[in-house]
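> Here is a sequence together with a model predicted from it:
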Amino acid sequence: MKIERSIACLLSVWFSGCSGLGGSERAVRPDQPPDIILLVQSGLRTGEAEQAFYQAWGAEPSLRFANAYSQSCAPFTSMGSMLGSRYPTAMTMCATRDVNSVGDSNDRPWCARVPEEVWTLPEVLELYGYASAAALPAVSPTTSTDWEAVRDDATGWWAAHAKQPRFYMIQTLDMHMLQFDPMTGYSEQKADHERRAAVASTEELMTEYLERARTAGQNLRQLVETALPPGDRPREVWLTSTNGLSLRETTGLDSDHLLAVTNTLIVDRTIHVPLARLDTTIEGAESGAHPETAPVELIDLLPTFVTMAGGVVPETAQGRDLLAAESDPAPAAYAEFGDMLAIREGDELLTFRFFLHNASSLDPRLTEGLQKQVPGFSSYYAMHHIPSDPLQVNNLVRSRTERAIVLRNRLLELRTGPGAPPVDSWTTERLQELRLNPSDGYW
């Protein structure tokens, strides 16, 4: 696997498929375009696993955003949204039929791509003189990352492009693929992994999950230090994840799908992901003992990195610069998937599920349901105080209905505003295709 081939494969997936917060005193900027390294550890959620990663990494982040959210719980859609800095429906992007897949599919719907008119992070950085590469070393549940091969490829590419600023991204799936491990009850003969009989307990699964987080931290630190060392310009190392996993934790949503290890439902543990500046060679950027607590979104990475590079953020981007001197006056995080929508504002997460079987979040019926249904008069909502209730045990909609209505109204503003599809973005035929195409689940 050559790095140049891997970036072509990974990035073309978001288009047509591949055939082969701001204002912090710690938010110090580089004084010249830095080398940027983005580590995407899919499956890693906030909490114990994130801390296990940092312990194995060997240092606390210089800047950590404690309430970062992906814009989808499906890795394909989440990555596309992050690279394009747009909400999925806002660029008419959906997941592949296999929502756990990050690669191509023979049954790809028309919307499973980043539209050509949307500028992606590598494309924008290349306009400003960056060399870009991405690695996706293993996509099979039965194949773990070959770290030696990754280091060899990265070492050669990094050295070959030392004369220009570099952007290197690696996405690894070893944590995400835990859901297909035999210990979860999965087997190829019984592929319905969401309702299969459990084999391991949540405690046993958590033990394995934490071990995978530690392994990821050790291997990524070795990759960065041996293959991607600092050069003649500043170096930035950032960490995030496309999605988390629910480890047979059944709270947060009334669904028997949560009886398995899964990422295919919106609960806090599947969209609340790490986002951290792990390392920087910029003087004055001290290790941060106090994380930024305002909600942020993964779509914020493109504006942050492009501004670092001295570039102009494209008009198509919807995120904001995480290192900006001005803080977001109304911070919130938005997510969508299937028949589900969610918003995190302050300490509360409001989720809405409209029960459109096998639906895509692009379906206008989801918006219509949100407009008609009001918390306190509808069973489609749940609201949880995440700092005190991260597993979402206590639904607060009935006891704090007024707050739930405020969040629902903010969610509706996002869904019909920046989260809405472009005008005339699809025809009646395309909408019918979404509704009539066979599917094994939400996407």
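Perfect, I can see it now.
> Please enumerate the helices of the protein.
3-13, 48-57, 75-84, 121-127, 147-160, 202-227, 268-271, 301-308, 364-372, 401-416, 428-436 (DSSP state H).
> residue contacts, the residue in the chain sticking out farthest from the centre?
The centre of the chain is farthest from one residue, residue 377, which by Cα atoms, centre = their mean lies 32.0 Å away. By Cβ atoms under 8 Å, 6 or more residues apart in numbering, no residues touch residue 377. For every residue, glycine as well, the C-beta is placed using N, CA and C.
> Could you check how far it is from residue 370?
Using Cβ to Cβ, to the nearest Å, we find residue 377 at a distance of 13 Å from residue 370.
> can you check residue 322 too?
In this view, residue 322 and residue 370 are 28 Å apart by Cβ to Cβ.
> and what of residue 416?
8 Å.
> What of residue 275?
For residue 275, the distance to residue 370 - Cβ to Cβ - is 27 Å.
> what about these two, which has more around it?
residue 275 (28 against 20; other Cβ atoms under 10 Å).
> Now for the closest residue to the more buried one other than its chain neighbours, how many residues are close by?
Excluding the flanking residues, the one nearest residue 275 by Cβ to Cβ, 6 or more residues apart in numbering is residue 68, at 3.4 Å. Neighbour count of residue 68, defined by other Cβ under 10 Å: 28.
> still on that earlier bit, mean pLDDT lowest where, among the helices of the chain?
Lowest mean pLDDT of the helices of the chain: helix 3-13, a mean of 42.
> Stretch 377-394: which residues count as buried?
380, 381, 382, 383, 384, 385, 386, 389, 390, 391, 392 (16 or more other Cβ atoms under 10 Å).
> Measure how far that stretch is from the centre of its chain, please.
Its chain's C-alpha centre and that of stretch 377-394 lie 21 Å apart, by Cα atoms, centre = their mean, to the nearest Å.
> For that stretch, measure first residue to last.
Start and end residues of stretch 377-394 are separated by 18 Å (Cα to Cα, to the nearest Å).
> List the residues that contact residue 367.
So, once contact is read as Cβ under 8 Å, 6+ apart, residue 367 ends up touching 415, 416, 420.
> just residue 95 next, same as before
Listed by Cβ under 8 Å, 6+ apart, the contact set of residue 95 reads 72, 74, 76, 77, 112, 337, 360, 443.
> ok, now with 7 Å
With contact set as Cβ atoms under 7 Å, 6 or more residues apart in numbering, residue 95 has these partners: 74, 76, 77, 112, 443.
> what about the strands in the stretch 1-150 of the chain?
Assigned by DSSP state E, counting those that start in this stretch, the stretch 1-150 of the chain shows strands spanning 35-41, 63-64, 68-69, 131-135.
> okay, these, which one's buried deepest?
strand 68-69 (a mean of 27; mean count of other Cβ atoms under 10 Å).
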